[in-house]
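In: My questions are about this predicted structure, shown below with the sequence.
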Amino acid sequence: VQLQASGGGLVQAGGSLRLSCAASGRSFGSYAMAWFRQAPGKEREFVAGISRAGATIYYADSVKGRFTISRDNVKNTVYLQMNSLKREDTAAYLCAAKRPVVDDEYVYWGQGTQVTVSS
């Protein structure tokens, strides 16, 4: 599967952005999906994940209550709605995929989309 993330940009603190990650290839519904982020000089960190059918969702504590992950298996797309953005949310956001039965970790990665939150 190939992943293409989009939707990043510059936003003021307290604002919102919606990221999209479009997947090409077959069997999108076979992949668990996730968003990660990486700020300059910091390690990549998990943001949110969603199971194949969307029944199970989990978030990093730092974004819980502010971010919402969702997916559309018809459009082969996963989304990340980000509300109440903070400066510390500034990072490159990457989407990732894995096949739960086959892959122990996320092995398919898209390029990052930059989110910059200004004060």
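Out: Happy to help now that I have it. Numbering: from 1, shown residues only.
In: Could you check stretch 66-81 and say which residues are buried?
Out: 67-69, 71, 73, 76-80 (16 or more other Cβ atoms under 10 Å). C-beta here means a position set from N, CA and C on the backbone, and glycine is covered the same way.
In: so how far is that stretch from its chain's centroid?
Out: Distance, stretch centre to chain centre, for stretch 66-81: 8 Å (Cα atoms, centre = their mean, to the nearest Å).
In: So for it, mean pLDDT?
Out: If you average the pLDDT over stretch 66-81, you get 97.
In: and the end-to-end length of that stretch?
Out: 8 Å (Cα to Cα, to the nearest Å).
In: what's that stretch in contact with?
Out: With contact meaning Cβ atoms under 8 Å, 6 or more residues apart in numbering, stretch 66-81 is reached by 16, 18-24, 28-29, 33-35, 47-50, 53-54, 57, 59, 82-85, 93, 95.
In: Buried members of these into PyMOL, please.
Out: Command for PyMOL that selects the buried part of the contacts of stretch 66-81, burial taken from 16+ other Cβ under 10 Å:
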select buried, resi 19+20+21+22+23+28+33+34+35+47+48+49+50+59+82+85+93+95
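In: So for this structure, which residue is the most central one in space?
Out: Trp35 (2.5 Å; Cα atoms, centre = their mean).
In: any idea how far it is from Val47?
Out: Look at Trp35 and Val47: by Cβ to Cβ, to the nearest Å, they are 4 Å apart.
In: any common contacting residues for those two?
Out: Joint contacts of Trp35 and Val47 (Cβ under 8 Å, 6+ apart) are 80, 93.
In: For the residue nearest to Tyr93 when sequence neighbours are not counted, grab the count of nearby residues.
Out: In space, and not counting its chain neighbours, Tyr93 is closest to Arg37: 4.9 Å by Cβ to Cβ, 6 or more residues apart in numbering. Arg37: 23 surrounding residues under other Cβ atoms under 10 Å.
In: Where does Arg37 fall, secondary structure wise?
Out: strand 32-38 (DSSP states H and E).
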